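[1] curious how this folds, go ahead:
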Amino acid sequence: MEKTLPNRIPFTKLSATGNDFILFERRSAGLHSDEYTFFQRICARRTGIGADGILLLEEHPEAHYRMRYYNADGRPSEMCGNGARAAAFYAFYTGMAPQEQHFVIGEDRLRAVVRGRQVALTLQTPKQRSAAPGALQHPEFEEIGFAVTGVPHYVLQTNHIDDVPVAELGRFYRHAEIFAPAGTNVNFVQRLGERRFKIRTYERGVEAETLACGTGVVSSAYLLRDRLGVPFPYVFETQGGQLTVDEEAQSGRPVLAGTVRMICRGEILTEFFEEP
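    Purely as a prediction, here's the structure:
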């Protein structure tokens with residue numbers, strides 16, 4: 001039996017420190033979670049609503065909800081830190097979950113605390129940390145390392161971050177043979193102070209520089225701490241605002257914090273996203 005989309009799908013658009021997302025509640029939207037072409041079309045900046053990705057919330061028997069994340073290219077992804085913070089903000093302000101909440105992404109169970117517009121998210125500690133993966137081919141950068149915080153991140157340090165051609169170099173390293181076949185996200189960081197940094201990110205799946213990347217900030221923070229030996233908290237200035245990384249006292253897991261805004265709510269008229 002062929003699946004069809006309903007004529008009107010309710011959505012909410014949110015921004016988490018510059019990362020923007022279109023959020024659906026799966027049951028009320030009538031989605032099956034495999035409408036990849038549809039997700040890609042509505043994320044398009046000029047012909048759709050425009051977003052870095054899709055958040056799909058659904059019921060879960062042992063948590064307040066499950067979140068599924070899809071990149072702007074319509075493909076599912078294992079994790080999105082700022083997307084998870086946006087989902088927690090939405091869940092609290094719509095009554096789906098309390099101020100302190102637990103939800104599931106993939107196999108991970110995450111915790112979030114919402115205080116006003118600030119959302120603090122406890123993630124899994126970055127894995128597969130490598131100080132020198134050996135991909136660097138530009139002498140003006142320093143290789144900080146590679147880490148996986150649900151998704152892979154390669155981190156380079158520079159003293160002139162505002163001059164970095166992020167789209168060009170990010171695309172180059174994203175497709176570097178050493179990271180094949182899946183590729184990687186690419187982060188450029190500059191140290192501004194003992195615990196303060198500026199960061200710019202090329203995101204895999206968006207295939208462009210985004211205004212912020214939560215998992216990129218967390219991966220960068222751990223790789224920088226491994227190298228510098230300076231304890232958390234770290235503050236990162238992104239194109240979309242400020243993100244902080246600290247460590248939860250009891251579990252030792254990273255805590256990513258920053259602001260979230262709910263931009264608008266409406267309905268998608270799906271007939272306009274069908275094939276011509």
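[2] just for the stretch 151-276 of the chain, where's the confidence low?
    In the predicted model of the stretch 151-276 of the chain, residues 272-276 satisfy pLDDT under 70.
[3] what ranges does it have for its strands?
    151-157, 185-191, 196-203, 208-210, 234-238, 241-247, 254-269 (DSSP state E, counting those that start in this stretch).
[4] could the ones you listed go into TSV alongside mean neighbour count and distance to residue 52?
    Any C-beta I mention is one placed from the backbone N, CA and C, and that applies to glycine too. Below are the strands of the stretch 151-276 of the chain laid out as TSV (neighbours: other C-beta atoms under 10 Å; distance: least, C-beta to C-beta, whole Å):
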stretch	mean neighbour count	distance to residue 52
strand 151-157	24	13
strand 185-191	24	12
strand 196-203	23	7
strand 208-210	19	5
strand 234-238	22	13
strand 241-247	20	14
strand 254-269	18	13
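[5] my guess is residue 114 meets residue 92, correct?
    Yes - under the criterion of C-beta atoms under 8 Å, residue 114 makes contact with residue 92 at 4.3 Å.
[6] would you convert the strands of the stretch 151-276 of the chain into TSV that also reports distance to residue 21?
    Output for these, formatted as TSV (distance: least, C-beta to C-beta, whole Å):
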stretch	distance to residue 21
strand 151-157	15
strand 185-191	17
strand 196-203	13
strand 208-210	11
strand 234-238	15
strand 241-247	15
strand 254-269	10
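[7] of all those strands, which lies closest to residue 179?
    Residue 179 lies closest to strand 151-157 among these, at 6.8 Å (C-beta to C-beta).
[8] chain center to the closest one: distance?
    Here strand 151-157 shows a centroid-to-chain-centroid distance of 13 Å under the convention C-alpha atoms, centre = their mean, to the nearest Å.
[9] got the angle between that strand and strand 185-191?
    30 degrees (axes from the mean of the first three to the mean of the last three C-alpha atoms, to 10 degrees).
[10] who does strand 151-157 pair up with?
    strand 142-149 (antiparallel), strand 185-191 (parallel) (DSSP bridges).
[11] follow-up on the earlier one: which residues do residue 114 and residue 92 both contact?
    Applying C-beta atoms under 8 Å, 6 or more residues apart in numbering, one finds that residue 114 and residue 92 are jointly contacted by 99, 101.
[12] the helices in the stretch 51-200 of the chain, which residues?
    Remark: helices assigned in the stretch 51-200 of the chain by DSSP state H, counting those that start in this stretch are 81-93, 166-174.
[13] helices or strands up against the shortest one?
    In this case it means helix 166-174. strand 185-191, strand 196-203, strand 208-210 (3 or more C-beta pairs under 8 Å, 6 or more residues apart in numbering; DSSP states H and E).
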